[in-house]
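Peer 1: When you get a sec, could you give me coordinates for this:
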Amino acid sequence: MTDLTKIPVTVITGFLGAGKTTLIRHLMQNPQGRRLAILVNEFGTVGVDGDILKSCADESCPVENIVELANGCICCTVADDFIPTIEALMALPQRPDHILIETSGLALPKPLLKAFDWPAIRSRITVDGVVALADAEAVAAGRFAPDPAAVDAQRAADDSLDHETPLSEVFEDQIACADIILLTKADLAGEEGLAAARAVIEAETPRRLPIIHVTDGSIDPRVILGLNAAAEDDIAARPSHHDGHDDHEHDDFDSVVIDLPEVADIDDLVARVQALAREQKILRVKGYVAVEGRPMRLLLQAVGERVRHQFDRPWGTTPRQSRLVVIAEHDDIDKAAIRRQLGV
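Peer 2: Here you go, the predicted model:
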């Protein structure tokens, strides 16, 4: 690559827990000769996803090529955070061949695309493509595109439902901005679920797009990298609920960081997290847990009541501390109740 060649950037978007980090880990393990750099944007002050990716760093994507921006949506902090970070990645001693951007699950991708027209970077970088991930099982269950008859019934019963929820707007904006859509967790959705999810997505897309189902982020990188979409020049074809507005409200969502003592019973913790989803309407839980008698740290991630956990690596020099990030819609989050539910 010569210095005059624009560095391609792939924007990876998708709702909370759709599998963005898992996909990036797969791309890191299969770089196909590319030297990668990664920008991870998280909602909340604790960077769990960035830490996961740094644990996978290798010569194709060393730790210094992985940058976190926490507690601030990059589509709303372009000048202060995004532009300087991109410039720093382009100025690395070994210039990356491709940059991956993992947006937060609450981010709208279209305002981010507009940032690529920023004078400081527009001649040196291009959006190779926008990849939107959607949880096939969740979409098939109608969580973001409910049955019209059911919606009408709810509206008749409650005047406050006479508009789309923030969650549905985020979901629809991410789909509308995409160049390719990945239906994730295909193994959990099954054939019927995948067909139902595909139908929902096709009804939401403003133009015909490839829709591919994947499990555990496993996909040939050639399918999603090298799209040459130049998406920054194609913004008009990517409609948004927020067109005509300078920003969007992240006050609709909130997060709380919970520090826990060492855990003796993993199953009990899982049950408590599942109860949070039922009783406190929690959207997402993620973090690391210290388990009594175990030298490895436990990585825990939850989407609604679906909780996954695994021991990922030894604590080493990292402080042995259990810490979970809990995310919910602003009106639903009760920090005191969450702490009680988790036993702290």
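Peer 1: For residue 100, what are phi and psi?
Peer 2: The phi/psi pair for residue 100 (degrees, to the nearest 10) reads phi -110, psi 130.
Peer 1: wait, what's in contact with it?
Peer 2: Residue 100 sits next to 9-10, 12, 24, 27, 36-39 when contact means Cβ atoms under 8 Å, 6 or more residues apart in numbering. Every C-beta, even on glycine, is put in place using the N, C-alpha and C of the backbone.
Peer 1: If we use 10 Å, what do you get?
Peer 2: Contact analysis of residue 100 by Cβ atoms under 10 Å, 6 or more residues apart in numbering lists 8-12, 20, 23-24, 27-28, 34, 36-40, 53, 61, 65-66, 128, 131, 225.
Peer 1: Can you list the buried residues in the helix or strand containing residue 187?
Peer 2: According to DSSP states H and E, residue 187 maps onto helix 186-204. Under the neighbour-count criterion of 16 or more other Cβ atoms under 10 Å, helix 186-204 has 186, 189, 193-194, 196-198, 200-201, 204 buried.
Peer 1: Just the CA atoms of stretch 286-304, as PDB, please.
Peer 2: C-alpha atoms of stretch 286-304 as PDB (Å, rounded to 0.1, in the frame of the first residue of the first chain):
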ATOM      1  CA  LYS A 286     -21.200  -7.700  30.600                       C
ATOM      2  CA  GLY A 287     -18.100  -7.900  32.600                       C
ATOM      3  CA  TYR A 288     -15.600 -10.000  34.500                       C
ATOM      4  CA  VAL A 289     -16.100 -12.000  37.600                       C
ATOM      5  CA  ALA A 290     -13.700 -13.400  40.200                       C
ATOM      6  CA  VAL A 291     -14.700 -16.900  41.200                       C
ATOM      7  CA  GLU A 292     -13.600 -18.400  44.500                       C
ATOM      8  CA  GLY A 293     -10.800 -20.900  44.100                       C
ATOM      9  CA  ARG A 294     -10.300 -20.300  40.400                       C
ATOM     10  CA  PRO A 295      -7.200 -18.500  39.000                       C
ATOM     11  CA  MET A 296      -9.000 -17.700  35.700                       C
ATOM     12  CA  ARG A 297     -11.400 -14.700  35.300                       C
ATOM     13  CA  LEU A 298     -14.900 -15.400  34.200                       C
ATOM     14  CA  LEU A 299     -16.200 -13.400  31.200                       C
ATOM     15  CA  LEU A 300     -20.000 -13.000  31.600                       C
ATOM     16  CA  GLN A 301     -22.200 -11.500  28.800                       C
ATOM     17  CA  ALA A 302     -26.000 -11.300  28.800                       C
ATOM     18  CA  VAL A 303     -28.600 -10.200  26.400                       C
ATOM     19  CA  GLY A 304     -31.900 -10.100  28.100                       C
END
